[in-house]
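S.K.: One predicted model, sequence on top.
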Amino acid sequence: MSWNAQWNASWDDAWAALGATPAPALREQLLASYAEPQRRYHTLQHLGECLAWFERERASAAHPAEVLLALWFHDAIYDVHAHDNEARSADWAREALHAAGTTAEAADRVHSLVMATRHDALPEGRDAELLIDIDLAILGADAERFDEYERQVGVEYGFVPDEVRRPRRRAILQRFLARPAIYATPGMHARLEAPARSNLMRSIAALG
């Protein structure tokens, strides 16, 4: 997916909506993070797909500017050997919002939204549900893009032996499949629930 100039404009609009002015280099620092060489899936492609979904679904957000900024930051830190990427990304987001002059409440909401992308519990609240639906939209992508995603994640964790990686990956996918609903927001559920379940079952079967 090519970068869309509209996403740069939406970045500016989000900060303006919060009455804040980010550090001039912040956006470029984030873009550089998503372009780091160790990434294969958690890249500018993924960020762009998330931002595109947000533009389609932003009417579902209670605090759209905060959801948008949480999407920008949600994979800002990505070290495949670490287990605190979301916490470090959330901390960066909160620090950046404080420095830009947002309210403490807005900064804390963005921090909480980024932390929700740990996917260790079902999201609570309208904005968290939308954010997580967007982050998981890849599960309901067309088969070609979903298969590309699975290969990309496999390369990111290529240092893990197959006999360990495959059952772990299968367990992760099975947890999503076991949910009563993968998507919480009505529009994304209607569009993506069925293809996501099909993709997950196909991938689980392939993983053995």
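M.R.: Happy to help now that I have it. Residues are numbered from 1 along each chain as shown.

S.K.: got the contact list for the residue nearest the centre of the chain?
M.R.: Nearest to the geometric centre of the chain sits Asp135, at 3.5 Å (Cα atoms, centre = their mean). With contacts defined as Cβ atoms under 8 Å, 6 or more residues apart in numbering, the neighbours of Asp135 are 50, 71, 74, 117, 119. C-betas here are computed from N, CA, C, even on glycine.

S.K.: Just name the closest of the residues you listed to Trp15, please.
M.R.: For the contacts of Asp135, the residue nearest Trp15 by Cβ to Cβ is Leu71; the value is 13.8 Å.

S.K.: who touches the helix or strand hosting the closest one?
M.R.: Per DSSP states H and E, Leu71 falls inside helix 64-73. With Cβ under 8 Å, 6+ apart as the test, helix 64-73 has contacts from 10-11, 13-15, 17-18, 27, 30, 47, 50-51, 54, 58, 61, 89-90, 92-93, 96-97, 106, 109-110, 113-114, 127, 130-131, 134-135.

S.K.: Which helix or strand lies directly C-terminal to it?
M.R.: Note on helix 64-73: by DSSP H and E, the next helix or strand toward the C-terminus is helix 85-100.

S.K.: how about that next one: buried residues?
M.R.: Within helix 85-100, the residues that count as buried by 16 or more other Cβ atoms under 10 Å are 85-86, 89-94, 96-97, 100.

S.K.: among these, which two are most distant?
M.R.: Greatest spatial distance among the buried residues of helix 85-100 (Cβ to Cβ): Asn85 and Ala100, at 22.3 Å.

S.K.: picking up where we left off before, report the angle between the helix holding Leu71 and helix 85-100.
M.R.: Relative orientation of helix 64-73 versus helix 85-100 (axes from the mean of the first three to the mean of the last three Cα atoms, to 10 degrees): 130 degrees.
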